[in-house]
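Visitor: I would like to see how this sequence folds:
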Amino acid sequence: MAAPTAVAPALRAPLLAGAAVGAATLLVALRDPHTPGSYGFCPLLELTGLACPLCGGLRATHDLAHLDLAGAWSANALWTVAAPVVVVLWLTWLLAAVRGRPFRGLSSTAGWVTLGVAIAFFVARNVPALQPYLTPWI
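Guide: Next up is the predicted model:
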């Protein structure tokens, strides 16, 4: 009987990243961030009253893990849309590693577009008229 083979070096990084994100998601799924102070506080929100693009991300992740799309959307609409994209990118990385091909990732244009969307979301969720829709806890 042959000895089990080690994980190919190319697979190590995507598998470790997937395991780390999976463990973090499991923690957030089991420990409810809707309870005030359960994960600390956001320094930017506490100091300035401004909600950054990440505010509500833990609550949205918890809700997504429990398949509550409406709750996730109300906590952080941007993360609710971005999370499935991140999963698809990770699967693409994993598949490239399985096939022995390099993962090219995103282009620099996609990076700049992502930054622009995050900044636009940051501004929009802090506009008083939009806060009830994009930042419901303020």
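
Visitor: Name all residues that make contact with the residue nearest the centre of the chain.
Guide: If you average the C-alpha coordinates of the chain and look for the closest C-alpha using CA atoms, centre = their mean, you land on Ala83, 4.9 Å from that point. Residues counted as contacts of Ala83 (CB atoms under 8 Å, 6 or more residues apart in numbering) are Ala60, Thr61, Leu64. Quick note: C-beta positions are derived from backbone N, CA and C, even for glycine.

Visitor: mind running it again at 6 Å?
Guide: Counting by CB atoms under 6 Å, 6 or more residues apart in numbering, Ala83 makes contact with Leu64.

Visitor: so how far is Pro102 from it?
Guide: As for Ala83, its distance to Pro102 is 25 Å (criterion: CB to CB, to the nearest Å).

Visitor: same thing with Val81?
Guide: Looking at Val81 against Pro102, where the rule is CB to CB, the gap reads 27 Å.

Visitor: How about Pro136?
Guide: Computed with CB to CB, the distance linking Pro136 and Pro102 is 42 Å.

Visitor: likewise Thr48?
Guide: In this structure, Thr48 and Pro102 are separated by 42 Å, where distance is defined by CB to CB.

Visitor: Could you do Gly57 as well?
Guide: Counting by CB to CB, the separation of Gly57 from Pro102 is 30 Å.

Visitor: that older thread, looking at Thr48 and Pro102 now, which is surrounded by more residues?
Guide: The neighbour count for Thr48 versus Pro102, taken as other CB atoms under 10 Å, is higher for Thr48 (11 against 8).
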